[in-house]
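1. build the 3D model from these lines:
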Amino acid sequence: MKEEEIIKKWLDKETLSAEELQFLEEMEDFHEYKKIAEKAAHFKAPEFNIEEGLENLKKKKQEKKTKNIWLGRLPRIAAILVIAIGSYFLFFHSNYTDIDTATMVTKQVSLPDASEVVLNTNSSISYAKDNWTGNREIHLEGEAFFKVAKGKKFTVITNLGEISVLGTKFNVRQREKSIQVDCYEGLVEVKINNKTIKLSAGKSLSFRDQQLNQYENFDNSSNWLRGKSTFKSIPLGEVFKELERQYPVQIQTKNLTLDQDKLFTGSFTHKDIETAIKSITLPFGLDYSIQKNKIIVSARE
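-> The predicted structure follows:
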């Protein structure tokens, strides 16, 4: 399949095959396009004509007689996406503050209203600092713990749904195809999959594979703040991906099929890689070997 056809399917939110998804993820600039598209889908701004913005940008480019060489490598449809959304953000999104974290790095952020956000490793947030008082909206990719100061509605926007509160403590873990929300204090309103659910303190919600589940949690705050990732009936493949987010390692499987029925309930530490991998492999009777920045997991012979 041609590049243009695959990108068009992605833009139209059509179901992609495993090979097509791998093709997109291996594209050099795809991650940036995805972040821009997610923010633009939720961003609220004055009326704006994208076609007019695109034409203005083209005129400006002609006046300067410059070219974006990297656009020439991409199909026309992807180029239009980047230029159009880029124009949109050029006019209305320039005052956004972007903060992200790298592997094995967490970060505490104080927002303009004294609300606090703690970003987990490999996560990012974006918000309009200059307009924060009138519009407490924050875009999240990854995982973060929120301690919200009382005031107007505070909304966390992800690519799978929105979480709104007035003042509370809660955690959001957003991944490509799943989201989990844990409420520790106050009341949280979650809008997801065309439904609105209210979570009180001690309640959690997860949305995975188009399945929405609610359950109780008995913690006072997120375990990752205490250096531990915790899971409840999560596919083993996703647990390995979470390990890769917490440590600078790559997990490879050998003679092992990560079937969907292999569900992991438990936790692993963020302080010692060998202890962490043992916590995951032992319950399934798997073997592992650590080779520098690579961990090979295999079925026990």
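2. tell me where this structure has helices.
-> Along the chain, the segments classed as helices by DSSP state H run 3-11, 18-26, 30-42, 50-64, 76-92, 236-246, 273-281.
3. buried residues, the second one. List them.
-> Along helix 18-26, the positions that meet the burial threshold by neighbour count (16 or more other CB atoms under 10 Å) are Glu20, Phe23, Leu24. All C-beta spots, glycine's among them, are computed from the backbone N, C-alpha and C.
4. what is the mean pLDDT for that helix?
-> Averaging pLDDT along helix 18-26 gives 73.
5. cool, the longest one as well?
-> Averaging the model's pLDDT scores along helix 76-92 yields 52.
6. same deal with the fourth one?
-> In this model, helix 50-64 has an average pLDDT of 53.
7. show me what stretch 253-270 is in contact with.
-> Stretch 253-270 is contacted from outside by 104, 223-224, 227-237, 239-240, 243, 246-247, 275-277, 279-280, 283-284, 286, 296-299, using CB atoms under 8 Å, 6 or more residues apart in numbering.
8. which of the residues you listed are buried? Put it as a PyMOL command.
-> What follows is the PyMOL syntax selecting those of those that are buried according to 16+ other CB under 10 Å:
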select buried, resi 223+224+228+229+231+234+235+236+237+239+240+243+246+247+276+277+279+280+286+297
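9. ok, Glu242 - contacts?
-> Ser229, Phe231.
10. can you give me the distance of it to Phe264?
-> 10 Å (CB to CB, to the nearest Å).
11. next one: Ser233
-> Taken as CB to CB, the span from Ser233 to Phe264 is 8 Å.
12. what do you get for Gln211?
-> 17 Å.
13. who has more neighbours out of those two?
-> Phe264 (21 against 9; other CB atoms under 10 Å).
14. need the per-residue pLDDT for the residue lying closest to that one once chain neighbours are set aside.
-> Spatial nearest neighbour of Phe264, excluding adjacent residues (CB to CB, 6 or more residues apart in numbering): Val239 at 4.7 Å. Per-residue pLDDT puts Val239 at 94.
15. go ahead and confirm Val239 touches Ile280.
-> Yes. Using CB atoms under 8 Å, Val239 is in contact with Ile280, at 5.8 Å.
16. number of nearby residues for Glu116?
-> Glu116: 14 neighbours (other CB under 10 Å).
17. same check, this time on Ala144
-> 26.
18. kindly report the same for Gln250.
-> Neighbour tally, Gln250, other CB under 10 Å: 13.
19. tell me the bridge partners for it.
-> For Gln250, the beta-bridge partners are Lys294 (DSSP bridges).
20. from Asn293, how far out is it?
-> For Gln250 relative to Asn293 (CB to CB), the value is 6 Å.
21. now Leu140
-> Counting by CB to CB, the gap from Leu140 to Asn293 is 28 Å.
22. more neighbours, these two?
-> Using other CB under 10 Å as the criterion, Leu140 and Asn293 rank with Leu140 on top: 24 against 10.
23. from memory that one sits against Asn120, does it?
-> No. Using CB under 8 Å, Leu140 is not in contact with Asn120; the gap is 10.3 Å.
24. list the residues that contact both of those two?
-> With CB under 8 Å, 6+ apart as the test, Leu140 and Asn120 reach no residue in common.
25. quick one, phi/psi of the residue lying closest to Ile179 once chain neighbours are set aside?
-> Of all residues not flanking Ile179 in the chain, Leu160 sits nearest, at 4.5 Å (CB to CB, 6+ apart). The phi/psi pair for Leu160 (degrees, to the nearest 10) reads phi -110, psi -10.
26. how many residues are close by the closest residue to Thr158 other than its chain neighbours?
-> Ranked by CB to CB, 6+ apart and with sequence neighbours excluded, the top spatial neighbour of Thr158 is Gln174, at 4.2 Å. For Gln174, the neighbour count with other CB under 10 Å is 22.
27. contacts only, for Gln174.
-> Leu140, Glu141, Gly142, Glu143, Thr158, Asn159, Leu160.
28. closest one to Val109 out of those, please.
-> Distances from Val109 to the contacts of Gln174, taken as CB to CB, are shortest for Leu140 (11.5 Å).
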